[in-house]
Structures are given as C-alpha cells and as structure tokens.
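In: Compute the structure for the input listed below.
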Amino acid sequence: MKPSWFIFGTLLALCVILGIAFLTPQVPYEDVVREDGSTQRIIKSHGYQHDRFATMKQGGPGAERHAVTVWLGWVFASLSILLFASFLAMGMTRHGSLGPAKAPIIGGMLVLAAIFTGLFISYYRFMHEDTHTLFLSLPKPTAWMLLGVWQFPIFFIVLYYRLFDRWFFTEDDERRFEEIVATERRSPGEDF
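Out: I've put the predicted structure just below:
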C-alpha cells in the first residue's frame, strides 16, 4: 500500500475516534428540575472551584469522568503514533524503499506505542487508587509522560542523524550535486 493511502486511512480513523469522543455523553452530570417544571442537565465534568485557590479548578474523581474517554484517548494516541511513523516513513523513502530506516521506524513506533500504553494503564490505575505511589517524586502517569513520551523523539532524531550520510545524501548524491552546480556555473543563464 502506498504511504499516502495509509496516511489517508489513518486520518479517517482519527476523525472517527474524534467523532465518537464528541458524541460520548459527558459524565458526571445531574438532571435538575427547574421551577417551571423543565429539566436542565448540569455537566459536572468541567471542574469546580478549588477550595483554597480561587483561580484554580479541580476536576473531581477521574474514574467517573474518564470511564469511557480514557480508552478513546488510548486509541487516538495509538493512531497518532501510527500517523507519525507513516509521515517519517514517507519522508525517509528513497527510490521506493525505506532501506536501513525500515526496522528502526517500525521498532520505534512499537516502543512509543508501548510507552503510551504504559501511560494509559498507569493513569487508569491512578484513577481508581485512593493512595498514589510516586516515581521520582512524580505521579506515575506524569512520570510516563515526562520521562518516556517526551524523551522518545530523541530516538528518531538520532536515527535520522545516523542514517543521513548512508541513506539520504550519499557521496554519490553529493558528487552529482557538485556536477550540476558546476554545469550551471559554466552555462550562461538568465539572472532572476
């Protein structure tokens, strides 16, 4: 399958997940009967004022608010990782092949998906715990995000750096480029 069609399909899947997320009812909510007899739904998932800090809102119990949406978030994150890897693959394709970049891109995508899965599992557990254990003085989901997710793109930067001379701009490419530049300098051309 061409990378462009794969990317298109992944984008469609992301749109479907977003549509499901927007159609999912917000919880918790409370139906209040007004004086005129009509019913008004009050959404309680948007946060409420903190008792000590008036400028801050707090969300309340996450297990109730995120019962369904946490898994939609995981699917969305997984599809986003797939989309990111597809963009990398499309940009690293040369002469119709990924060459030495294929295995690291697929492996990196799988490792990043595993890190995101660990993040979501730890957040799911965090929502249902009464007492929270810390990792390096951070809540575990925050630690996954800061130490895993945010740091992992360094892998792709190093991959690009290591493969650049062998795959993207080889000595043959450089020699051909210099020949083109020399030819253009010798031939009289119009100045733009």
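
In: For this protein, which residues score under the pLDDT cut-off?
Out: Along the chain, segments meeting pLDDT under 70 span 1, 44-46, 60, 188-192.

In: Just the strands from it, written as ranges.
Out: 29-33, 39-43, 48-49, 57-58, 134-135, 138-139 (DSSP state E).

In: Could you dump these into TSV and include mean neighbour count and distance to Phe169?
Out: Yep, even glycine has a C-beta here, placed from its N, CA and C like the rest. As requested, the strands of the chain are arranged in TSV below (neighbours: other CB atoms under 10 Å; distance: least, CB to CB, whole Å):
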stretch	mean neighbour count	distance to Phe169
strand 29-33	10	57
strand 39-43	10	54
strand 48-49	11	56
strand 57-58	12	51
strand 134-135	12	41
strand 138-139	14	41
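
In: Of those, which is nearest Ile7?
Out: Among the strands of the chain, the nearest to Ile7 by CB to CB is strand 138-139 (34.4 Å).

In: What pairs with the closest one, parallel or antiparallel?
Out: When pairing is defined by DSSP bridges, strand 138-139 lines up against strand 134-135 (antiparallel).

In: what does the strand it pairs with rub up against?
Out: Residues from elsewhere that reach strand 134-135, judged by CB atoms under 8 Å, 6 or more residues apart in numbering: 140, 143.

In: Number the chain from 43, please
Out: Shifting the count to begin at 43 puts that one at strand 176-177.
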